[in-house]
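Visitor: Take a look and give me a structure for this.
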Amino acid sequence: MSQRRAGSTEPSAEPPQPAHASTPAEFAAALRTLRLWTGLTYRQLEDKAAAHTDPLPASTVATTLGRTTLPRERFVVAFTRACGLSEEDVRQWLEVRRRIATEEPAPTGDEGGDDHDVSTNGVSVPAHASRWRQAAALLGAASIAVVGTLGVDSLFNGTPAPATPPSLPVTGLRMLAVGSWARIHPARAPELCLTEGRDRTGRYRTAVTAQRLCTKAVLPLVFLEPLGKDTVQIQWHHPKYGIGCLTVLMKGPGRDLLEPRDDCADDNRAQQFRIEPFGPPATAHFRIRPVATGRCLSLRDQDTKDGSEVVQGRCSGAADQDFLIELISPPQVAAGRT
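Guide: Below you'll find the model as predicted:
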């Protein structure tokens with residue numbers, strides 16, 4: 001079947017197919033690719049599903065697509081219908097899901113929804129952070145494996161995003177209405193990228209946001225999901241660990257740090273960020289402000305070193321609150337094998 005993308009006047013290619021998916025993680029990646037193909041936001045998918053009398057809350061879509069486990073059949077039906085697929089296409093998605101389900105061992109509790117604590121290396125960590133806690137330890141090996149298979153160019157080939165997106169959800173940034181892949185750089189050191197790091201004080205043990213050399217920041221991949229005018233969710237995509245949404249920590253040993261969490265929800269104000277032009281017009285410089293607090297993202301102690309943590313603080317106009325946002329073409333690894 002052929003379908004028109006949201007905001008486009010030209011028919012798109014055929015929808016992605018799940019035929020090559022052989023694991024729950026690959027099936028979940030195929031569903032994420034299908035969502036990007038439609039050009040629909042989570043809330044638009046909720047509305048489309050309601051037209052079919054299928055209950056499909058936007059928060060459920062975000063959470064389910066962020067997992068690496070096999071979704072329930074009723075989710076696959078509601079989601080694929082909402083994406084505009086024919087009943088024959090829906091049946092094919094279900095057949096692939098059933099094939100994978102019969103080949104997989106019994107579930108171990110990862111696909112639940114209960115927020116139990118998990119022990120990682122002897123440290124008790126909330127379940128919403130556990131997958132990224134483990135990813136931090138394995139990131140180096142995973143990055144090498146992915147780069148070895150796909151090559152750096154297939155992950156970040158540096159090609160600009162399409163020149164004529166259907167709308168501009170963020171002022172001064174030519175981002176697609178459905179969202180765009182991106183790299184975020186501190187403006188004073190554009191060779192660095194915001195990516196996964198560690199709290200160098202040792203007080204907070206899970207993965208947090210830090211600046212690292214872009215050549216080392218292969219994973220996770222960054223996706224900006226529009227939530228409203230000039231407001232986005234900053235997602236981290238990992239081919240094995242799924243989607244983590246950057247969340248501002250309000251209290252505890254990680255206070256003011258940003259942590260990727262699996263429980264993505266577009267109504268969670270701690271996961272919402274305002275993107276504002278910063279400096280002279282047409283310079284493509286921005287400052288990033290957590291909606292929950294209205295403060296500004298900056299570097300801890302205005303540090304310029306590789307590995308410096310990103311924190312929220314008072315908006316001062318200092319150089320460490322100035323960021324460049326580079327939109328890039330969809331990385332092949334994010335799409336999975338479709």
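Visitor: doesn't residue 55 fall inside a strand?
Guide: No - Residue 55 is assigned coil when assessed by DSSP: H, G, I helix; E, B strand; the rest coil, not a strand.
Visitor: least trustworthy helix or strand in this structure by mean pLDDT?
Guide: Least confident helix or strand, the chain: helix 152-155 with a mean of 34, by mean pLDDT, DSSP states H and E.
Visitor: Following the chain onward from it, which element is next?
Guide: Beyond helix 152-155 in the direction of the C-terminus, DSSP states H and E gives the next helix or strand as strand 180-186.
Visitor: what's that following strand packed up against?
Guide: Strand 180-186 sits against strand 192-197, strand 221-228, strand 323-328, with contacts defined as 3 or more CB pairs under 8 Å, 6 or more residues apart in numbering; DSSP states H and E. For the C-beta atoms, the positions are set from N, CA and C on the backbone; glycine is no exception.
Visitor: Name the stretch among those that sits most buried.
Guide: strand 192-197 (a mean of 23; mean count of other CB atoms under 10 Å).
Visitor: Give me the contact list for whichever helix or strand comes after that one.
Guide: Moving toward the C-terminus from strand 192-197, the next helix or strand (DSSP H and E) is strand 208-213. Applying CB atoms under 8 Å, 6 or more residues apart in numbering, the contact partners of strand 208-213 are 186, 189, 191-199, 246, 254, 257-260, 299, 306-310.
Visitor: Got a quick PyMOL command for the buried subset of these?
Guide: Restricted to buried positions by 16 or more other CB atoms under 10 Å, the PyMOL selection for the contacts of strand 208-213 reads:
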select buried, resi 186+189+192+193+194+195+196+197+199+246+254+257+258+259+260+299+308+309+310
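Visitor: Model confidence for the residue positioned nearest the centre of the chain, exactly?
Guide: Nearest residue to the geometric centre of the chain (CA atoms, centre = their mean): residue 235, 2.5 Å. On pLDDT, residue 235 comes in at 90.
Visitor: What are the phi and psi values at it?
Guide: In terms of degrees, to the nearest 10, the main-chain angles of residue 235 are phi -100, psi 140.
Visitor: Which residues are in contact with it?
Guide: Taking CB under 8 Å, 6+ apart, one finds 222, 223, 224, 225, 243, 244, 245, 246, 264 in contact with residue 235.
Visitor: May I see the residues you listed organised as a markdown table, with pLDDT added?
Guide: Converted to a markdown table, these look like this (pLDDT from 0 to 100):
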| residue | pLDDT |
| --- | --- |
| 222 | 93 |
| 223 | 88 |
| 224 | 91 |
| 225 | 86 |
| 243 | 78 |
| 244 | 87 |
| 245 | 91 |
| 246 | 97 |
| 264 | 80 |
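Visitor: Would you reformat those as a markdown table and include distance to residue 76?
Guide: A markdown table is the format used below for the contacts of residue 235 (distance: CB to CB, whole Å):
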| residue | distance to residue 76 |
| --- | --- |
| 222 | 27 |
| 223 | 22 |
| 224 | 26 |
| 225 | 21 |
| 243 | 18 |
| 244 | 23 |
| 245 | 22 |
| 246 | 28 |
| 264 | 19 |
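Visitor: Which of those sits closest to residue 39?
Guide: Nearest to residue 39 among those is residue 225, at 12.7 Å by CB to CB.
Visitor: Who are the contact partners of that closest one?
Guide: Residue 225 neighbours (CB under 8 Å, 6+ apart): 41, 42, 179, 232, 233, 234, 235, 266.
Visitor: sorry, back to before: quick check: bridge partners of the residue nearest to the centre of the chain?
Guide: Residue 235 has these beta-bridge partners by DSSP bridges: residue 223, residue 245.
Visitor: where in the protein is pLDDT low?
Guide: Where the chain drops to pLDDT under 70, the residues are 1-12, 104-167, 282, 331-338.
Visitor: quick one: the helices in it?
Guide: Applying DSSP state H to the chain gives helices spanning 24-38, 42-51, 58-65, 73-82, 87-103, 127-150, 152-155, 332-335.
Visitor: Can you give the distance from stretch 178-191 to the centre of its chain?
Guide: 14 Å (CA atoms, centre = their mean, to the nearest Å).
Visitor: Go through the helices and strands packed on strand 180-186 and name the closest to residue 23.
Guide: Minimum separation from residue 23 across the helices and strands packed on strand 180-186 (CB to CB) falls at strand 221-228, 19.0 Å.
Visitor: Report the angle between that closest one and strand 323-328.
Guide: 100 degrees (axes from the mean of the first three to the mean of the last three CA atoms, to 10 degrees).
Visitor: if we can go back for a sec, present the contacts of residue 225 as TSV; the columns should include distance to residue 287.
Guide: Output for the contacts of residue 225, formatted as TSV (distance: CB to CB, whole Å):
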residue	distance to residue 287
41	24
42	26
179	20
232	13
233	17
234	14
235	20
266	22
